[in-house]
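Trainee: Sequence and predicted structure are below.
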Amino acid sequence: MTRTRISSLLLLAAIGLVVGGMTQLALASAGRPIVIAPITLPLALIAIGAIVVWMAVPIRRMTRGRAPAKGPVDPFFATRVVMLAKASALSGALLAGAGGGMLAYLLTRSVVPGVGSLASTIATIVGAVVLLTCGLVAEHMCRIPPDDDEDNDGQRPARARS
């Protein structure tokens, strides 16, 4: 599995920005109420990010040799944690973009929005950025350290002559 690319994160953030802003615009044009994220959303995003990092810590300790010898790292658990970390990073980018689109819509209106709706939208963006960051940190923590086979400065081992 490859590391999460910055281009993927930026693309998802841009998609979220456009979709979030256009959704708000379409709802307002139709005379329907716009979407305001509840305050529990950023709290949930931060909690998910913390759980992802918490799950990656034992893998980091075992791969670096800092944990007591409980046995080898379970490859299935490590794979699941890496996939969860990558999904968290991608989801965080998408939600941060969507929150940015919602915030852009609120700030471009001629009527000043309420403090509660602005605070909730900003908190959602912050929670999404925390989720994105925690996903990237957990993904980095689950990397396999380089092998010790490169003892002879990157040269190939000498072959035995026959």
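Mentor: Structure received. Everything quoted here is computed from the prediction, not taken from an experiment. Numbering: from 1, shown residues only.
Trainee: Apart from its chain neighbours, what residue comes closest to residue 18?
Mentor: Nearest non-adjacent residue to residue 18, counting by CB to CB, 6 or more residues apart in numbering: residue 101, 6.5 Å away. Yep, even glycine has a C-beta here, placed from its N, CA and C like the rest.
Trainee: and the one you found, what does it touch?
Mentor: Taking CB atoms under 8 Å, 6 or more residues apart in numbering, we find residue 101 in contact with 16-24.
Trainee: Below-threshold pLDDT in this structure: ranges please.
Mentor: Confidence mapping of the chain against pLDDT under 70 gives the ranges 66-71, 145-162.
Trainee: one step back: and the residue nearest to residue 18, what element?
Mentor: Secondary-structure element containing residue 101, defined by DSSP states H and E: helix 75-107.
Trainee: Next: residue 34.
Mentor: Here residue 34 is covered by no helix or strand, with elements defined by DSSP H and E.
Trainee: How about residue 113?
Mentor: Applying DSSP H and E, one finds residue 113 in no helix or strand.
Trainee: try the one 4 residues further on
Mentor: Secondary-structure assignment from DSSP H and E places residue 117 in helix 115-141.
Trainee: Buried residues in that helix, which are they?
Mentor: 117-118, 120-125, 127-132, 134-139, 141 (16 or more other CB atoms under 10 Å).
Trainee: centroid residue for this protein?
Mentor: Geometric centre of the chain, nearest residue: residue 89, 1.7 Å, by CA atoms, centre = their mean.
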